[in-house]
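Chemist: Output the structure for:
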Amino acid sequence: MDDIPEVDIDTGKFKYILIKVYDDDKSKFIVRGYNWAAFHADILDKVEPNIVKSKLKCDCVGGGRIEHSPANKKIHIYGYSQGFGLADHKVSCELIKKEYPDYTVTWANEGY
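Modeler: Alright, predicted model coming up:
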């Protein structure tokens with residue numbers, strides 16, 4: 001489980017999901033967001049097989065959108081997934097802040 005990165009996101013504006021990865025003893029959250037994903041479920045379809053292959057389980061606990069601007073060192077998390085519901089953006093924000101410590105990372109439940 002420790003080998004699975006907590007954050008893997010693209011740049012620009014894109015959909016993301018918050019995933020709970022777990023086994024019998026422990027769990028953690030991971031953030032995945034990609035420009036190529038037309039739907040939030042597309043992200044889970046790509047990520048889930050690798051997690052299962054590692055003998056772990058996972059559940060998507062919600063989604064939203066991310067605007068990632070490397071030029072401005074800003075990341076904004078907002079919105080929701082019609083299929084998975086609203087992610088806990090506060091959890092996603094804390095994970096992204098650890099991965100991008102020199103960025104300004106913000107979140108809001110509003111927007112789509």
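Chemist: pLDDT below threshold where in this structure?
Modeler: 112 (pLDDT under 70).
Chemist: can you tell me which strand in it is longest?
Modeler: Using DSSP state E to define each element, the chain has its longest strand at strand 57-69.
Chemist: which element is the residue nearest the centre of the chain on?
Modeler: Centroid-nearest residue in the chain: residue 31, 2.3 Å away (criterion: CA atoms, centre = their mean). Using DSSP states H and E, residue 31 sits in strand 27-34.
Chemist: Okay, angle between that strand and strand 57-69 too, please.
Modeler: Per axes from the mean of the first three to the mean of the last three CA atoms, to 10 degrees, the angle that strand 27-34 makes with strand 57-69 is 50 degrees.
Chemist: picking up where we left off before, ok, the residue nearest to the centre of the chain touching residue 5?
Modeler: No - using CB atoms under 8 Å, residue 31 makes no contact with residue 5, being 9.3 Å away. (Glycine included, C-beta is placed from N, CA and C.)
Chemist: What is the burial count for the nearest residue to residue 7 once chain neighbours are set aside?
Modeler: Excluding the flanking residues, the one nearest residue 7 by CB to CB, 6 or more residues apart in numbering is residue 99, at 4.0 Å. Using other CB atoms under 10 Å, residue 99 has 15 other residues around it.
Chemist: Residue 99 against residue 33, yeah?
Modeler: No - Residue 99 is not in contact with residue 33 according to CB under 8 Å; the separation is 11.9 Å.
Chemist: OK, contacts around residue 85?
Modeler: 62, 63 (CB atoms under 8 Å, 6 or more residues apart in numbering).
Chemist: is it in a bridge, and if so with what?
Modeler: Under DSSP bridges, the beta-bridge partners of residue 85 are residue 81.
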